[in-house]
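1. Next come a sequence and a model predicted from it.
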Amino acid sequence: MRPLGILGVILIIAGVVVLAMKGISYTKDRDSVKIGGIELSKEDRGFVPPVAGVIAVVAGIVLVAAGRKKA
């Protein structure tokens, strides 16, 4: 299988996982500061919406098809 086809399969799998989980939340940064006896922490949270999963599946299908045409 060509590199485009492999990348396409990876995108399809990732897109299906995002769709199955109805989006994925993740933590970007976690900062903490300790001042005396008090500890302050900050987290930046992100979310991958299901629409991104649909886009990944469609892009994966296109890449798999493009990889097969070159072969």
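-> Received the coordinates, thanks.

2. what's in contact with the helix or strand hosting residue 27?
-> Secondary structure assignment for residue 27, by DSSP states H and E: strand 24-35. Outside strand 24-35, the residues that touch it by Cβ atoms under 8 Å, 6 or more residues apart in numbering are 17, 18, 39, 40, 41, 42, 43, 44, 45, 46, 47, 48. For glycine as for every other residue, the C-beta is placed from the backbone atoms N, C-alpha and C.

3. what sits against the first one?
-> With contact taken as Cβ under 8 Å, 6+ apart, residue 17 is in contact with 24, 53.

4. how does it look with 10 Å?
-> Neighbouring residues of residue 17 by Cβ atoms under 10 Å, 6 or more residues apart in numbering: 24, 48, 53, 56.

5. what's the distance between it and residue 69?
-> 27 Å (Cβ to Cβ, to the nearest Å).

6. CA-only coordinates of the strand holding residue 27 in CSV, if you can.
-> The C-alpha coordinates for strand 24-35 follow below in CSV (Å, rounded to 0.1, in the frame of the first residue of the first chain):
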residue,chain,number,x,y,z
ILE,A,24,-12.8,14.1,22.3
SER,A,25,-11.8,16.4,25.0
TYR,A,26,-8.2,16.9,26.0
THR,A,27,-5.9,19.1,28.2
LYS,A,28,-3.6,21.4,26.3
ASP,A,29,-1.5,22.9,29.1
ARG,A,30,-1.3,22.4,32.8
ASP,A,31,0.5,25.1,34.8
SER,A,32,0.9,25.2,38.6
VAL,A,33,2.4,27.7,40.9
LYS,A,34,3.0,27.3,44.6
ILE,A,35,3.0,30.5,46.7
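
7. where's it relative to the chain centroid, distance-wise?
-> The chain centroid and the centroid of strand 24-35 are separated by 19 Å under Cα atoms, centre = their mean, to the nearest Å.
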